[in-house]
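A.B. asks: Generate a structure from the sequence data that follows.
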Amino acid sequence: MQPLVNRCLAVLATTLLCAGIAQAQPYPNKPIRVIVPFAPGGTSDQMGRALAEKMAAMLGQPVIIDNKPGANGLLGADIVAKAAPDGYTILLGTNSTNAALKYLMKKLPYDQDTAFAPIGTIGSVPLMVVLGNDVPAKTLKEFVDLAKARPGDLSFAYTATSEQVAAEMLARMAGIQLNPIPYKSGGTAMTDLLGGRVTMITVSVAATAPHHRAGKIRGLAVTSAKRSAAAPELPTVNEALGLKDYELIAYFAVFAPAGTPAEVIARLNQAVNAAASSKEIQDKFAPIGFVFEPGTPEALARRNKLETAKWEKLIRDAKIEPQ
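C.D. replies: Numbers count the residues shown, from 1 in each chain. Down below sits the predicted model:
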C-alpha cells in the first residue's frame, strides 16, 4: 500500500512542478486568439490576418484569427469582454465595438467603458459611398436627386456601425430617405449591390477601392475631410454636396479583457506596433487608403474616450434609435 501511495505522491508532485514551471514561463507560452468581430473578407479580417502573421513571428507563438460576426461586432466583443484576462484572447476592435455600440443598443451584456484594456491603435481608413453600375446616377449629387425623386424607394446595406452611421448621416444632411438593410457579411452586401438588390453601400475605401478601379462598382465620394490617396479622383462628401461638416473615419485597434497584467499589455503593444510599422503591411494597405497610427496603450485610451463622445453625437445627429 505504501509504495502505491508514494507513487501517487510522486506523480502529484511532478504534475504540480510542471504546472508551476508552465506558469513561470514568460508570456506568451501558448497560442493567442484574436477575435475579429466581423465576417471573413472584410477590412477588419484582412488587417487582422496580416497583423497576426507578423505578431506571431515576434511573439514566438501562433496568433490565430477567429471570426465572430454579428450585431455590429457585439458578439465578438462580448467574447473578449468575458474572457480570462491573461492575454490569450484579444479583440481586433473598431469604432463599432469600442465607441458606438453603447449608443446603438439599449443594453449591452458588458460595460463598454470598463470591459476592455487598450493595447494599441492600428490605424484608420475613410469610407467610400458606392453604387452598383445599374443605378442611373453618375455623381453623389445625381444620387441625391434620384433619392428625392423616389422617396423611400432606395436602400443601403451595412455590416458595421461606421457604415450605418455614414449612410444615415448622409441621408439626413442631404434631406433624403434611404431604407437601411443590415448584413452579417460585407461580401454578401457587395453581391447584393452588384445584383441590384440594394442601391448603395458606404464601406471602407480599403474594401472598395480595388472594385472601384476595376469598374465593377461606381464610387461617388469619400467620407473623410480630405480626398483619399487610394481614390484621389473622388471628391469628399462635402465637396460633392457643398457641405461643411460631414466627416466619418473608421478606426481599428487592439484590446484585451480588463484586468490583463500590465506586462502582458506592454508585450502585446510592442508586437502590434511592430506589425503595424512593418514595411510589408504598410506597402499592402497604404495604397488602399489605410493610415497607420501605432502608439501606446495610454494614447489609445485617450483616443477611445474622444471617439466614444464623437460617435454618441454622430448617432444622435443621424437620429438612429437604439435597438
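
A.B. asks: C-alpha only now, for contacts and for neighbours.
C.D. replies: Fine.

A.B. asks: who touches whichever strand or helix holds residue 240?
C.D. replies: Element membership of residue 240, judged by DSSP states H and E, is helix 237-241. With contact meaning Cα atoms under 8 Å, 6 or more residues apart in numbering, helix 237-241 is reached by 139-141, 174, 221-225, 243-247.

A.B. asks: Can you turn the buried part of those residues into a ChimeraX selection?
C.D. replies: Those of the contacts of helix 237-241 that count as buried under 16 or more other Cα atoms under 10 Å are selected in ChimeraX with:
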select :139,140,141,174,221,222,223,224,225,246,247
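
A.B. asks: So which of the contacts of helix 237-241 are in helices?
C.D. replies: 140, 141, 174 (DSSP state H).

A.B. asks: Now do the strands in the stretch 101-250 of the chain.
C.D. replies: 116-132, 155-158, 179-182, 200-204, 217-222, 249-257 (DSSP state E, counting those that start in this stretch).

A.B. asks: Packed most tightly, which of these would that be?
C.D. replies: Of all those, strand 200-204 has the most neighbours on average by mean count of other Cα atoms under 10 Å, namely a mean of 29.

A.B. asks: Spatially, which two of the contacts of helix 237-241 are the most separated?
C.D. replies: Spanning the widest gap among these are 139 and 245, at 19.4 Å by Cα to Cα.

A.B. asks: For the spatially most central residue of the chain, give me phi and psi.
C.D. replies: Nearest to the geometric centre of the chain sits residue 94, at 3.6 Å (Cα atoms, centre = their mean). The phi/psi pair for residue 94 (degrees, to the nearest 10) reads phi -140, psi -180.

A.B. asks: now swap in residue 86 and tell me
C.D. replies: phi -120, psi 0.

A.B. asks: Also residue 195?
C.D. replies: phi -90, psi 0.

A.B. asks: wait, what's in contact with residue 306?
C.D. replies: Here residue 306 is in contact with no residue (Cα under 8 Å, 6+ apart).

A.B. asks: is it fair to say it lies in a strand?
C.D. replies: No - in this structure, residue 306 is helix, not part of a strand, as judged by DSSP: H, G, I helix; E, B strand; the rest coil.

A.B. asks: how close does it sit to residue 182?
C.D. replies: 27 Å (Cα to Cα, to the nearest Å).

A.B. asks: Over to residue 159?
C.D. replies: Residue 159 is 6 Å from residue 182, by Cα to Cα.

A.B. asks: now swap in residue 303 and tell me
C.D. replies: Taking Cα to Cα, one finds residue 303 at 28 Å from residue 182.

A.B. asks: first to last residue in stretch 152-171, what's the distance?
C.D. replies: For stretch 152-171, the first-to-last residue distance is 11 Å (Cα to Cα).

A.B. asks: what comes up buried for it?
C.D. replies: 154-171.

A.B. asks: Also stretch 180-189?
C.D. replies: Those would be 180, 183, 184, 185, 186, 187, 189, for stretch 180-189 by 16+ other Cα under 10 Å.

A.B. asks: what's next to it, contact-wise?
C.D. replies: 38-42, 69-71, 155-159, 164, 201.

A.B. asks: Pick out the most distant pair among those residues.
C.D. replies: Those two in the contacts of stretch 180-189 that are separated most widely, counting by Cα to Cα, are 40 and 155, at 23.8 Å.

A.B. asks: my read: residue 67 touches residue 33, true?
C.D. replies: No - using Cα atoms under 8 Å, residue 67 is not in contact with residue 33; the gap is 10.1 Å.

A.B. asks: Keeping just the C-alphas, turn stretch 247-263 into CSV.
C.D. replies: Extracted in CSV, the C-alpha atoms of stretch 247-263 (Å, rounded to 0.1, in the frame of the first residue of the first chain):
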residue,chain,number,x,y,z
GLU,A,247,-16.7,63.6,-41.9
LEU,A,248,-16.6,60.0,-40.8
ILE,A,249,-13.5,57.7,-40.5
ALA,A,250,-13.4,54.1,-39.2
TYR,A,251,-10.5,53.2,-36.9
PHE,A,252,-9.0,49.9,-35.9
ALA,A,253,-7.3,49.0,-32.6
VAL,A,254,-6.5,46.0,-30.4
PHE,A,255,-8.0,45.4,-26.9
ALA,A,256,-7.6,42.8,-24.1
PRO,A,257,-10.1,42.0,-21.4
ALA,A,258,-9.9,44.4,-18.4
GLY,A,259,-7.6,43.2,-15.7
THR,A,260,-4.9,41.9,-18.1
PRO,A,261,-1.5,42.3,-16.5
ALA,A,262,0.4,45.5,-17.5
GLU,A,263,3.5,43.4,-18.6
